[in-house]
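Chemist: could you work out the structure for the sequence below:
(one chain, ligands or ions: 1)
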Amino acid sequence: MTTNNGVLKFAYWVPNVSGGLVISKIPQRTSWDIDYNRRLAQIAEDSGFDYALSQIRFTAGYGAEFQHEPVAFSHALLAATKKLKVIAALLPGPWNPAVAAKQIATISQLTEGRVAVNIVSGWFRGEFAAIGEPWLDHDKRYRRSEEFVRALRGIWTQDSFTFRGDFYRFTDYSLKPKPAEPLPEIFQGGSSRAARDMAARVSDWYFTNGNSVEGIKAQVDDIRTKARANNHSVKIGVNAFAIARNSEAEARSVIDEIIAKADPEAVNAFGHEVKNAGKASPEGEGNWAKSSFEDLVQYNDGFKTNLIGTPQQIAERIIALKDVGVDLVLLGFLHFQEEVEYFGKHVIPLVRELEAKRAVRVQAAE
Ligand SMILES: Cc1cc2nc3c(=O)[nH]c(=O)nc-3n(C[C@H](O)[C@H](O)[C@H](O)COP(=O)(O)O)c2cc1C
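Modeler: Have a look, this model is predicted:
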């Protein structure tokens, strides 16, 4: 069995695009503007969150009518905080690794090494068409992303970096200054075979959509087995949409209302787009391959992880994720500022208590 004996990390989705994280007309007290987000980042770091994850979207579609650019936005959040790490999303294609490596190295220098990156491989064909970017087939997108990661790491760690890839080429390139220590961590998302294989070769972190504990366990075991064979180690982050309330009934009534007020046209159009993008993966195991209408109301299957209930129920389910090898839980909320604070006050301390008890058990068993 894969066990994780470290301390679980918590991340939240930065609402840098409008409309929140559910495709629903339920009222949300979440804003995509910078003042709201600066305050949110401060609340998050004071509430025990380790990371904030920004999103890259070039165009509207299925909500997200307005979208702030994630690298600039991440820097603004870093400037407003003291210890939070902010993960800037990068999309190979529009981003070239030389520009990205330099941008992120500068931000790292300016923020004592608190910036990280999430390499996104893309699912939104219409977005690529809108900005005139060629749309590569599924596995080719991941081959390009893997080269992108190899290039970033090479540029950040070597002088006279030379690389001959199918997508990128470097000759005796020396970036100065390099990023501050610690080097920016490299996250990557997906669920398909290509996504997992890339994580098992090059990424520091693998982010996946929400899923049941069994579904997550299958992915973790698969990736860790492959990573071991590659002499690589990769940490795992899982998405979840958290609804923590004083009673389970109250929490359940919130998810029922989110789904009842879902925008069916937008959810179905989003489902069509992402299933197409995932189906293109030869084995048909892409991120949204098995998502139902209800699952798709949250962009990254966050309801499936079932962090919906009382703080105690949620903390126990988080420990169950840890038991199958998860290192980080990425969270979305309906009303971000209030709910990040509530989560930090009522759920994280319970997780820490359960982690301490678990550590004693594990030690006794050894
Ligand atoms: C946690 C997480 C964050 C993601 N962030 C973005 C994003 O900001 N923009 C984007 O276009 N895609 C984003 N993606 C999508 C992935 O990069 C990838 O294109 C998608 O998961 C397809 O996966 P598949 O190969 O399993 O089909 C994200 C995925 C995950 C799991």
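Chemist: list phi and psi for Arg29.
Modeler: Backbone torsions for Arg29, taken as degrees, to the nearest 10, come to phi -90, psi 50.
Chemist: now it. Nearest residue, chain neighbours left out?
Modeler: If you skip the residues right next to it in sequence, Arg29 has His335 as its closest partner in space, 4.1 Å away by C-beta to C-beta, 6 or more residues apart in numbering. No exception for glycine: its C-beta is placed from N, CA and C like everyone else's.
Chemist: residue contacts, Phe58?
Modeler: Each residue near Phe58 by C-beta atoms under 8 Å, 6 or more residues apart in numbering is listed here: 67, 91, 94, 127, 130-131.
Chemist: now tabulate these in JSON lines and tack on neighbour count.
Modeler: Listed next are the contacts of Phe58 as JSON lines, based on neighbours: other C-beta atoms under 10 Å:
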{"residue": "Gln67", "neighbour count": "19"}
{"residue": "Leu91", "neighbour count": "24"}
{"residue": "Pro94", "neighbour count": "16"}
{"residue": "Glu127", "neighbour count": "20"}
{"residue": "Ala130", "neighbour count": "13"}
{"residue": "Ile131", "neighbour count": "11"}
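Chemist: can you put these in a markdown table and add secondary structure, distance to Ala76 and pLDDT?
Modeler: Output for the contacts of Phe58, formatted as a markdown table (DSSP: H, G, I helix; E, B strand; the rest coil; distance: C-beta to C-beta, whole Å; pLDDT from 0 to 100):
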| residue | secondary structure | distance to Ala76 | pLDDT |
| --- | --- | --- | --- |
| Gln67 | strand | 15 | 98 |
| Leu91 | coil | 19 | 98 |
| Pro94 | coil | 20 | 97 |
| Glu127 | helix | 23 | 95 |
| Ala130 | helix | 25 | 96 |
| Ile131 | coil | 23 | 97 |
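Chemist: between those, which is nearest the ligand?
Modeler: Nearest to the ligand, judged by C-beta to the nearest ligand atom, of the contacts of Phe58 is Leu91 at 6.2 Å.
Chemist: how close does that closest one sit to Asn16?
Modeler: From Leu91 across to Asn16, the span is 14 Å (C-beta to C-beta, to the nearest Å).
Chemist: for Arg153, which non-adjacent residue is closest in space?
Modeler: Counting by C-beta to C-beta, 6+ apart, the nearest residue to Arg153 once its immediate chain neighbours are dropped is Ile186, at 7.1 Å.
Chemist: quick one, phi/psi of that neighbour?
Modeler: Per degrees, to the nearest 10, the backbone of Ile186 is at phi -110, psi 110.
Chemist: my guess is it contacts Arg150. True?
Modeler: No. Between Ile186 and Arg150 there is no contact under C-beta atoms under 8 Å: 10.1 Å.
Chemist: more crowded one of the two?
Modeler: When neighbours are counted by other C-beta atoms under 10 Å, Ile186 comes out ahead of the other of Ile186 and Arg150, with 23 against 16.
Chemist: quick one: buried residues of stretch 6-21?
Modeler: Applying a neighbour-count criterion of 16 or more other C-beta atoms under 10 Å, one finds 8-21 buried in stretch 6-21.
Chemist: could you identify the most distant pair in those residues?
Modeler: The widest separation within the buried residues of stretch 6-21, taken as C-beta to C-beta, falls between Leu8 and Ser18 and amounts to 30.2 Å.
Chemist: which parts of the host helix or strand of Ser74 are buried?
Modeler: Assigned by DSSP states H and E, Ser74 falls within helix 70-79. Judged by neighbour count using 16+ other C-beta under 10 Å, the buried positions of helix 70-79 are 70-71, 73-78.
Chemist: same for that helix, what does it pack against?
Modeler: With contacts defined as 3 or more C-beta pairs under 8 Å, 6 or more residues apart in numbering; DSSP states H and E, the packing partners of helix 70-79 are helix 34-46, strand 85-90, helix 97-110, strand 115-119.
Chemist: which of the ones you listed sits closest to Gln312?
Modeler: Between Gln312 and these, the tightest spacing by C-beta to C-beta is seen for helix 34-46, at 22.0 Å.
Chemist: dump the closest one to PDB, restricted to CA.
Modeler: Provided in PDB are the C-alpha atoms of helix 34-46 (Å, rounded to 0.1, in the frame of the first residue of the first chain):
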ATOM      1  CA  ILE A  34      -7.900  41.700  -7.500                       C
ATOM      2  CA  ASP A  35      -9.100  43.300  -4.200                       C
ATOM      3  CA  TYR A  36     -11.200  40.300  -3.400                       C
ATOM      4  CA  ASN A  37      -8.400  38.000  -4.400                       C
ATOM      5  CA  ARG A  38      -5.700  39.800  -2.400                       C
ATOM      6  CA  ARG A  39      -7.900  39.600   0.700                       C
ATOM      7  CA  LEU A  40      -8.700  35.900   0.000                       C
ATOM      8  CA  ALA A  41      -5.000  35.100  -0.300                       C
ATOM      9  CA  GLN A  42      -4.300  36.700   3.100                       C
ATOM     10  CA  ILE A  43      -7.200  34.900   4.700                       C
ATOM     11  CA  ALA A  44      -6.000  31.600   3.200                       C
ATOM     12  CA  GLU A  45      -2.400  31.900   4.500                       C
ATOM     13  CA  ASP A  46      -3.700  32.900   7.900                       C
END
